[in-house]
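**Q** Provide a 3D model corresponding to the input given below.
(one chain, ligands or ions: 2)
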Amino acid sequence: MAILLSRATTLSLLSLKTTIPSSNSTFTFILFTNQAPPPTTTRILPLSNPSPVTMSTTASSSSAMYQLVPEQGGNEMERVADHTFGRYTSSTHIIKKRSSSGKGTSIVWFRNDLRVLDNEALYKAWLTSQTVLPVYCVDPRLFATTYHFGFPKTGVLRAQFLLECLADLRKNLIKRGLNLLILHGKPEDIIPSLAKAFGAHTVYAQKESCSEELNVERSVIRGLQQVVIPCPEESTGVTNSNNVPKLQLIWGATMYHIDDLPFDATCLPDVYTQFRKTVEGQCSIRTCIKLPASLGPPPAIEDWGCLPSLEQLGLRSRNVSKGMKFVGGETAALSRVYEYFWKKDLLKVYKETRNGMLGPDYSTKFSPWLASGSLSPRFIHEEVKRYENERQANSSTYWVLFELIWRDYFRFLSVKYGNSLFHLGGPRKVQRSWSRDENLFESWKNGCTGYPLIDANMKELSTTGFMSNRGRQIACSFLVRDMSIDWRMGAEWFETCLLDYDPCSNYGNWTYGSGVGNDPREDRYFSIPKQAQTYDPEGEYVAYWLPQLRAIPKDKRNFPGNLYIPQIVPLKYGTAGRHNKEDKSSGRARRANERAGERRWNRR
Ligand SMILES: Cc1cc2nc3c(=O)[nH]c(=O)nc-3n(C[C@H](O)[C@H](O)[C@H](O)COP(=O)(O)OP(=O)(O)OC[C@H]3O[C@@H](n4cnc5c(N)ncnc54)[C@H](O)[C@@H]3O)c2cc1C
Ligand SMILES: Nc1ncnc2c1ncn2[C@@H]1O[C@H](COP(=O)(O)OP(=O)(O)OP(=O)(O)O)[C@@H](O)[C@H]1O
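**A** Numbers count the residues shown, from 1 in each chain. Ligands and ions are numbered 1, 2, ... in the order given. Model prediction:
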């Protein structure tokens, strides 16, 4: 049987022979490949392996060094990951359970859940089927442009990180008796075709919450409704009266499960503290799912497809030359948790260090892996609890969970507020006038504003794909409050650049910082002089990113006057070295919030 997955022209053929184990029939996919870089239409790429992940601890070029995160080498990462998987590999009861209920074939459509550990979609697919087909669709829309301002939707560094995640996911699936089918095209074109060819009874996937992803879910459902599985030779065991494959969407992105909230997500408390107190008081966090040692056998597929190169995605490859280089994938994610919690023992001081800006160790750096789903937030929760039992519990150990609740809050907020999270007036529909001055915006984006703290942060972002939380708040405040620029321009630039880009956390934080979100304080202004004095008093951070400042005395690096480029706008409030009213009240609010958190921790 020949199945056409693509309408692309000037294509060469790649044939993919598959045997469906339940029926013993052989199907041949004709997959079209194209030698030219893609892509406006669905097509399967001619696939070459991506450049290998660098595993050395640091790297040098003629002018610069970067630090790998995690810093462990490849072998040590493998050992940590194997050991962690070992702890989560079970046990006879799930195997027994499966042998009685698993029938037919199901598909796992991987999205932002690029992991094996604690992946409920993968687990359910395995539990309900004899054969599991894992697939990832390299969706060309991810490599198009942002909605309003036309920046690349996925910058090259996040694309590289994604490819590393996929390579690692495939490796970890192979270790457990499966593989990962990698196809280039829209999920709504690929998934129904695969379901038909393999006679799949169910497609399992992680549920998303923003409209772009929801639209894809709806299209996949529509596609599946057109598929009727011809004469199954045996019952699938899954209620599916019309033999139409079902899309089973599974909530998996948050630490607290949406079904465990004590309120419907549409009635979410608007204020974070209220949300946090309610969930902490009334819900518990589910434990991670245990997996059997083998998830196989996989469907018989001759060629599982290779990863695309960056060039095939329309991107020009670029190396990180300084700062941090994050290693993509679940193996690296588990290693970073091990490194931060256990090896370097940094969890116990997290709360004191978390507002830093320089280097890998002032904060966890878990966010890129959380965003791609290579790391489960419930796994982090379990590791925090294990650390508290085996080493110590203090306000720092609690604080990592406090921050993960922020992440949950923004995810649930997207369920409640839908597209208004992306609208200029935000969830509160605030009316005010905004500038779209290109000159000002470009100076912000390129790190040429004349304010070293802004410029250093923006250069770190474009060089590495990362910026500290402190830096993000300051850069957001400067763009929105001092430059009065449309906050969505900043949010879309972050969407392009951030390795940890997540629509809910990104747009949630931008609306929050711009005064159009659910911040109880309306004018959250960050005074650059005050922030510089508090968080970079010796000018180390700015001198790292702006080497021309190294020659200036430390206390002047953030206030270099005419030793640096001219300031593009004056500050709205405050002058160099003076704290202003807004910043004081912002500090007061933060400290009050932190005291509340500390009280909460002490009560535990
Ligand atoms: C304007 C702006 C845009 C942002 N965009 C994103 C984004 O696209 N993706 C993203 O993951 N985070 C975003 N954040 C939140 C935060 O800056 C990052 O999560 C954090 O800097 C990641 O570093 P870390 O993992 O070392 O964090 P840690 O300080 O170690 O915190 C642990 C984890 O808690 C979560 N977390 C911490 N702070 C926040 C927060 N304010 N909102 C949501 N989750 C939080 C993250 O998952 C993080 O990995 C944004 C913040 C701002 C102010
Ligand atoms: N995952 C995502 N990443 C980035 N932006 C997203 C995501 N999901 C949804 N959006 C944004 O949500 C908005 C949805 O626009 P859409 O036209 O579908 O609905 P709308 O509410 O009518 O918006 P608009 O009035 O701006 O047209 C767009 O701004 C889109 O970029």
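
**Q** Could you use CA atoms for every contact and neighbour count after this?
**A** Noted.

**Q** sec struct for E352, please.
**A** With DSSP: H, G, I helix; E, B strand; the rest coil as the basis, E352 sits in helix.

**Q** Need the three-state assignment for I191.
**A** In terms of secondary structure, I191 is helix; the call rests on three-state DSSP.

**Q** per-residue pLDDT, it?
**A** Listed pLDDT for I191 reads 98.

**Q** That one reaches V220, doesn't it?
**A** Yes - judged on C-alpha atoms under 8 Å, I191 makes contact with V220 at a distance of 6.9 Å.

**Q** Just want to know which of those two has more residues nearby.
**A** Neighbour totals were compared for I191 and V220, and I191 leads with 25 against 21 (other C-alpha atoms under 10 Å).

**Q** any shared contact partners between I191 and V220?
**A** Counting by C-alpha atoms under 8 Å, 6 or more residues apart in numbering, I191 and V220 have no contacts in common.

**Q** And the helices in the stretch 201-350 of the chain?
**A** Using DSSP state H, counting those that start in this stretch, the helices of the stretch 201-350 of the chain run over residues 211-225, 272-282, 330-337, 350-353.

**Q** ok, the nearest residue to K124 once chain neighbours are set aside - contacts?
**A** The shortest distance from K124 to any non-neighbouring residue, by C-alpha to C-alpha, 6 or more residues apart in numbering, is to Y204 (7.6 Å). Applying C-alpha under 8 Å, 6+ apart to Y204 gives the contacts 106-109, 121-122, 124-125, 247-250.

**Q** Repeat that for F441.
**A** The neighbourhood of F441, defined by C-alpha under 8 Å, 6+ apart, consists of 479, 485, 489.

**Q** Quickly find the element holding it.
**A** Counting by DSSP states H and E, the element that carries F441 is helix 438-445.

**Q** which parts of that helix are buried?
**A** For helix 438-445, burial by neighbour count (16 or more other C-alpha atoms under 10 Å) applies to 440-441, 444-445.

**Q** Kindly report the same for stretch 361-368.
**A** Quick answer for stretch 361-368 (16+ other C-alpha under 10 Å): 361-368.

**Q** any chance of these in TSV, plus secondary structure and distance to H148?
**A** Listed next are the buried residues of stretch 361-368 as TSV, based on DSSP: H, G, I helix; E, B strand; the rest coil; distance: C-alpha to C-alpha, whole Å:
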residue	secondary structure	distance to H148
D361	coil	35
Y362	coil	34
S363	coil	32
T364	coil	32
K365	coil	29
F366	coil	29
S367	helix	25
P368	helix	24
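
**Q** what's the closest of those residues to N506?
**A** Distance to N506, by C-alpha to C-alpha, is smallest for S367 among those, at 11.5 Å.

**Q** Tell me the spacing between that closest one and ligand 2.
**A** Note on S367: its distance to ligand 2, by C-alpha to the nearest ligand atom, to the nearest Å, is 16 Å.

**Q** before we move on, what about C448?
**A** 26 Å.

**Q** you'd agree that residue is up against N457?
**A** No - in terms of C-alpha under 8 Å, C448 does not count as a neighbour of N457; the distance is 10.8 Å.

**Q** So between the two, which is more surrounded?
**A** Under the neighbour definition other C-alpha under 10 Å, C448 and N457 were set side by side, and N457 has more, 27 against 21.

**Q** What's the separation between the more buried one and ligand 1?
**A** Using C-alpha to the nearest ligand atom, N457 is found at 12 Å from ligand 1.

**Q** who are the neighbours in contact with that residue?
**A** Counting by C-alpha under 8 Å, 6+ apart, N457 makes contact with 447, 467, 471-472, 475, 545.

**Q** And the residue nearest the centre of the chain, how far from E208?
**A** What sits nearest the mean C-alpha location of the chain, by C-alpha atoms, centre = their mean, is A371, with 1.3 Å. Relative to E208, A371 is positioned 12 Å away (criterion: C-alpha to C-alpha, to the nearest Å).

**Q** quick one: low-confidence parts of the stretch 1-150 of the chain?
**A** Across the stretch 1-150 of the chain, the ranges flagged by pLDDT under 70 are 1-64, 91-100.

**Q** Do a quick rundown of the strands in it.
**A** Taking DSSP state E, counting those that start in this stretch as the criterion, the stretch 1-150 of the chain contains strands spanning 2-4, 12-20, 25-33, 58-60, 65-69, 105-110, 131-138.

**Q** Flag every buried residue along the fifth one.
**A** To tie it back to what came earlier, the one meant is strand 65-69. For strand 65-69, burial by neighbour count (16+ other C-alpha under 10 Å) applies to 66-69.

**Q** Show me the beta-bridge partners of the residue of the stretch 1-150 of the chain at minimum distance from ligand 1.
**A** Of all residues in the stretch 1-150 of the chain, V69 sits closest to ligand 1, at 11.0 Å by C-alpha to the nearest ligand atom. Applying DSSP bridges to V69 yields these beta-bridge partners: F326.

**Q** From what I see, it and G323 are in contact.
**A** No - between V69 and G323 there is no contact under C-alpha under 8 Å: 10.1 Å.

**Q** Could you report the distance from V480 to S309?
**A** As for V480, its distance to S309 is 37 Å (criterion: C-alpha to C-alpha).

**Q** and stretch 106-120, does that touch ligand 2?
**A** No - Stretch 106-120 does not reach ligand 2 (C-alpha under 6 Å from any ligand atom); its nearest approach is 10.9 Å.

**Q** Can we start the residue count at 23 from this point?
**A** New numbering, starting at 23: the last item is stretch 128-142.

**Q** Quick one: end-to-end length of that stretch, please.
**A** Start to finish, the residues bounding stretch 128-142 are 14 Å apart (C-alpha to C-alpha).

**Q** can you list the weak-confidence ranges in the stretch 373-522 of the chain?
**A** Across the stretch 373-522 of the chain, not a single residue meets the criterion (pLDDT under 70).

**Q** Spell out which residues of it are next to ligand 2.
**A** Proximity of the stretch 373-522 of the chain to ligand 2 is confined to 441, 444 under the rule C-alpha under 6 Å from any ligand atom.

**Q** What ranges does the stretch 373-522 of the chain have for its helices?
**A** Along the stretch 373-522 of the chain, the stretches classed as helices by DSSP H, counting those that start in this stretch are 389-394, 399-412, 417-439, 460-467, 474-486, 491-499, 509-519.

**Q** which residue packs closest to the residue of the stretch 273-422 of the chain found nearest ligand 2, ignoring adjacent ones?
**A** Residue nearest to ligand 2 within the stretch 273-422 of the chain: A393 (11.7 Å; C-alpha to the nearest ligand atom). In space, A393 comes closest to D522 once its chain neighbours are excluded; the distance is 5.2 Å by C-alpha to C-alpha, 6+ apart.

**Q** what do you get for F500?
**A** Distance criterion C-alpha to C-alpha, 6+ apart; nearest residue to F500, sequence neighbours excluded, is F548 at 7.4 Å.

**Q** Any figure for the gap between the one you found and ligand 2?
**A** 26 Å.

**Q** Doesn't that residue lie inside a helix?
**A** No - remark: F548 does not belong to a helix; assigned using three-state DSSP, it is coil.

**Q** And it, how far from Y409?
**A** Going from F548 to Y409 by C-alpha to C-alpha gives 35 Å.

**Q** With L90 instead?
**A** In terms of C-alpha to C-alpha, L90 sits 24 Å off from Y409.

**Q** again, but for Y360
**A** Counting by C-alpha to C-alpha, the gap from Y360 to Y409 is 11 Å.

**Q** for S455, same thing?
**A** Following C-alpha to C-alpha, the distance that separates S455 from Y409 is 49 Å.

**Q** Counting neighbours around each, name which of those two comes out higher.
**A** For S455 versus Y409, the count of surrounding residues by other C-alpha under 10 Å is larger for Y409: 18 against 10.
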